[in-house]
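Novice: Structure for this input, please:
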Amino acid sequence: MKTVVITGGNKGIGLETIKQLSKKGLFVYVGSRDIEKGNAIVKELTGNGFKNLKAIEIDVTKLDTILFAKHLIEKEQGHLDILINNAGISGIVPQSALETNIDHFKEVFEVNFYGVVGVTQAFINLLRKSPQPRIVNISTSVGSLSLQSNPSWPAYEYAKYTVYASSKSAMNMYTVQLAYELRDTAFKVNAVCPGYTKTDFTNYKGGEVKAAGKCIIKYALIDQNGPTGKFFSEESNPHTGEIPW
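Specialist: Residues are numbered from 1 along each chain as shown. Okay, here's the model as predicted:
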């Protein structure tokens, strides 16, 4: 049975992804910065027939919780097959490149960028013990430098998300560098934009959450012939899914 850790798993797209992974027979550690909320979600899901779930406290801004989670999984499983870095925040909006306080940049980067680095580095040795390790970093198409600088792109006017977009662009570069370092191994490392989705993150505007979860799982379960070091948004490119960095 493959084992998965997903951060920010107690709501939204993360929660839907957990449901779909459970249905596929994987064991899922539901990462939540509030363990009580995580336990409540697992209890609810278990009561609705979902199996192989366990809540685990992971606050991506607190290294001690990350390391505790890593040691617990190491003790219980001995390895990790899939890491989904899903936890993220948008920050207050609108966001101005000229006027938004630098402290707000730091707050968003702490979760969206440094959090991904910290979690990935902590879990990498457990992932190395898997025959087919996978890392999926949840991104956004507004983090694409190519798309965001194209005046003909439908979301060109989303400059009001300058802090959020910048943090995801930084995470995208980390994804590229990580995939490069792991290029001669069995790892597959990709950035995935699940699309504009109906969750509290978007005030429940956008596409269906099931489609978003399905998109993430597609790249979490790719075989050894699958891509690595790529950026995918099936919403932006329904043909091949790949979009430019």
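Novice: can we go C-alpha only for contacts and neighbour counts from here?
Specialist: Noted.
Novice: Check the residue nearest the centre of the chain and give its pLDDT.
Specialist: Central residue of the chain (Cα atoms, centre = their mean): residue 86, 2.5 Å from the mean position. We have a pLDDT of 97 for residue 86.
Novice: Same check on residue 93?
Specialist: pLDDT, read off for residue 93, is 83.
Novice: Give me the neighbour count for it.
Specialist: By the criterion of other Cα atoms under 10 Å, residue 93 has 12 neighbours.
Novice: rewinding a little: is it true that the residue nearest to the centre of the chain touches residue 14?
Specialist: Yes: counting by Cα atoms under 8 Å, residue 86 does reach residue 14; the two are 6.5 Å apart.
Novice: shared neighbours of those two, anything?
Specialist: Counting by Cα atoms under 8 Å, 6 or more residues apart in numbering, the residues touching both residue 86 and residue 14 are 6-8.
Novice: and which of the residues you listed is nearest to residue 74?
Specialist: residue 6 (15.4 Å; Cα to Cα).
Novice: can you give me the strands in this protein?
Specialist: Here the chain has its strands, by DSSP state E, at 3-6, 27-32, 53-57, 82-85, 134-138, 188-192, 230-232.
Novice: chain center to the third one: distance?
Specialist: If I follow you right, that is strand 53-57. How far strand 53-57 lies from its chain's middle: 16 Å, per Cα atoms, centre = their mean, to the nearest Å.
Novice: report the angle between the axes of that strand and strand 27-32?
Specialist: Computed with axes from the mean of the first three to the mean of the last three Cα atoms, to 10 degrees, the direction of strand 53-57 lies at 30 degrees from that of strand 27-32.
Novice: For strand 53-57, name the packing helices and strands.
Specialist: On a contact count with 3 or more Cα pairs under 8 Å, 6 or more residues apart in numbering; DSSP states H and E, strand 53-57 meets strand 27-32, helix 35-47, helix 63-76.
Novice: Show me what the shortest one is packed against.
Specialist: Put plainly, it is strand 27-32. strand 3-6, helix 12-23, helix 35-47, strand 53-57.
Novice: Please report phi then psi for the residue nearest to the centre of the chain.
Specialist: When read as degrees, to the nearest 10, the backbone of residue 86 gives phi -100, psi -30.
Novice: show me the contacts for it.
Specialist: 6-9, 14, 137-138.
Novice: just residue 90 next, same as before
Specialist: 108, 161, 163-164, 201.
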